[in-house]
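Colleague: Show me how the following folds:
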Amino acid sequence: MPKYLIQANYVGDGISGLLKEGGSKRRAAVDALFKSMDGTVEAFYYAFGDTDVFIIGELPDNATASGLALRVNATGAAICKTTVLLTPAEIDEAVKKTAIYRPPGFEVDPNEVAKWDGEGGHLPSK
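Modeller: As a prediction, the model looks like this:
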């Protein structure tokens, strides 16, 4: 099952709710949220700084993860940002993929793509 990093911040009534309920009850609410969407919470941490909560969890797919974020954000009590996490094996597969991409300001001859890939994907200086 895909893993996701969810970063959340309490806003407005969410801050008041956290003060009233405490951290453990909010963690239980997040566990219940993930369970209701056929997922699980692997890690849950509160933090100082720009982000109040970090969650690593598993959900069935990107649509489910997006639905979770929409539900949380719609409450107005918290704002969350979702990041898809990739395993090292998935990155191994990703680096095997080839594509033709022309960066802004460069002209790329498709016949040179194999050579370009073989040299680690570095374009010559302009």
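
Colleague: rest of the way, CA atoms for contacts and neighbours
Modeller: Fine.

Colleague: in this protein, which segments are predicted with low confidence?
Modeller: Applying pLDDT under 70 to the chain flags the ranges 108-126.

Colleague: Tell me which residue lies nearest the centroid of it.
Modeller: Geometric centre of the chain, nearest residue: residue 83, 0.6 Å, by C-alpha atoms, centre = their mean.

Colleague: Quick check: the closest residue to that residue other than its chain neighbours vs residue 105, distance?
Modeller: Leaving aside its sequence neighbours, residue 83 sits nearest to residue 5 (C-alpha to C-alpha, 6 or more residues apart in numbering; 5.0 Å). Remark: distance between residue 5 and residue 105 (C-alpha to C-alpha, to the nearest Å) = 35 Å.

Colleague: Who has more neighbours out of those two?
Modeller: Using other C-alpha atoms under 10 Å, the more surrounded residue of residue 5 and residue 105 is residue 5, with 18 against 7.

Colleague: tell me which element the more buried one falls in.
Modeller: strand 3-10 (DSSP states H and E).

Colleague: Quick check: can you name the pairing partners of that strand and their directions?
Modeller: Sheet pairing of strand 3-10 (DSSP bridges) gives strand 53-58 (antiparallel), strand 78-85 (antiparallel).

Colleague: And the next helix or strand past the shortest one?
Modeller: Later in the chain than strand 53-58, the nearest helix or strand by DSSP H and E is helix 62-74.

Colleague: same for that next one, what does it pack against?
Modeller: strand 78-85 (3 or more C-alpha pairs under 8 Å, 6 or more residues apart in numbering; DSSP states H and E).

Colleague: Repeat the analysis, applying 10 Å as the threshold.
Modeller: With contacts taken as 3 or more C-alpha pairs under 10 Å, 6 or more residues apart in numbering; DSSP states H and E, helix 62-74 sits against strand 3-10, helix 23-36, strand 78-85.

Colleague: C-terminal to the last one, what's the next element?
Modeller: Counting by DSSP H and E, the element after strand 78-85 in chain order, helix or strand, is helix 88-96.

Colleague: Report the residue ranges of every domain in this protein.
Modeller: 3-87, 96-126 (automatic domain parsing).
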